[in-house]
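J.: Here is a sequence with its predicted model. Questions after.
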Amino acid sequence: MKKLMITCSVFAILCFSMVAGAQQAATKEECVIKCHEAAALVNSKGLDEAIKEISDPKGPFVWKDSYVFLMNMEGKMLAHPMQPELTKLPHCLLITDPTDKALFVSFVNLAKTVGHGWVEYMWPRPGHKSPSKKITYIYRVPGKDLFVGAGVYVGGMMY
């Protein structure tokens with residue numbers, strides 16, 4: 001009986017851990033909502049305030065395992081809460097993922113043409129070095145030569 005109780009307890013803990021881990025993964029719907037909120041912030045409070053808020057790793061645009069970033073149409077990263085060093089570059093257009101995809105070029109092209117949509121590529125999860133499959137929603141800020149993006153990691157367990 002004692003062995004059965006221990007087995008049941010371990011099983012319950014494992015199930016709870018899997019559910020808790022699943023709750024830590026951002027959803028595509030959250031990415032769309034956060035991008036629209038960030039774009040509205042740019043238009044309501046101005047670029048400087050938006051950069052400050054989007055750059056804050058403890059701010060409202062960082063949640064679960066995702067975050068919003070802000071770029072201009074020339075490929076310059078203006079705000080990135082997880083990798084602020086990207087904002088120091090003149091542009092990000094030469095950066096490729098491990099499959100040689102120029103992801104930032106894809107972001108800019110999508111923002112310039114359609115104005116919104118999804119881009120698939122490889123990128124490290126926050127706090128990790130090895131890349132994971134990711135899809136990012138790109139949304140052009142209405143009336144501006146700027147866009148925001150936020151993505152979800154596809155497949156695999158959070159680690």
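T.: Structure received. Please read these numbers as outputs of a predicted model, since none were measured by experiment.
J.: C-alpha from now on. contacts and neighbour counts both.
T.: OK.
J.: ok, Leu86 - how many residues close by?
T.: 16 (other Cα atoms under 10 Å).
J.: With Asp145 instead?
T.: The local packing of Asp145 (other Cα under 10 Å) involves 13 other residues.
J.: right, and it touches Leu70 too?
T.: No - using Cα atoms under 8 Å, Asp145 and Leu70 do not qualify as a contacting pair, with a distance of 11.0 Å.
J.: shared neighbours, those two?
T.: Counting by Cα atoms under 8 Å, 6 or more residues apart in numbering, Asp145 and Leu70 have no contacts in common.
J.: got the residue ranges for the helices in the protein?
T.: Remark: helices assigned in the chain by DSSP state H are 2-23, 28-45, 47-55, 103-113.
J.: remind me which residues of the chain are low pLDDT?
T.: Counting by pLDDT under 70, the chain has low-confidence residues at 1-23, 156-159.
J.: at 90 instead, please
T.: 1-24, 123-129, 155-159 (pLDDT under 90).
J.: and stretch 75-88, which residues are buried?
T.: 75-82, 84, 86-87 (16 or more other Cα atoms under 10 Å).
J.: and what of stretch 104-119?
T.: Neighbour count says stretch 104-119 has 104-108, 110-112, 115-119 buried, by 16+ other Cα under 10 Å.
J.: and if you look at stretch 89-103?
T.: 91-93, 96, 102-103.
J.: ok, residues contacting stretch 93-102?
T.: So stretch 93-102 is contacted by 75, 103-105, 121-123, 131 (Cα under 8 Å, 6+ apart).
J.: how does it look with 10 Å?
T.: Defining contact as Cα atoms under 10 Å, 6 or more residues apart in numbering, one finds that stretch 93-102 is touched by 74-77, 92, 103-108, 120-124, 130-132.
J.: which residues does Ser55 contact?
T.: With Cα under 10 Å, 6+ apart, Ser55 has these contacts: 49, 61-62, 67-70, 78-84, 87.
J.: Give me the distance between it and Pro124.
T.: Using Cα to Cα, to the nearest Å, we find Ser55 at a distance of 18 Å from Pro124.
J.: What of Thr136?
T.: 13 Å.
J.: Please identify which of the two sits among more neighbours.
T.: When Thr136 and Pro124 are compared for neighbours, Thr136 comes out ahead with 23 against 14, by other Cα under 10 Å.
J.: nearest residue to that one other than its sequence neighbours?
T.: Distance criterion Cα to Cα, 6 or more residues apart in numbering; nearest residue to Thr136, sequence neighbours excluded, is Gly151 at 3.7 Å.
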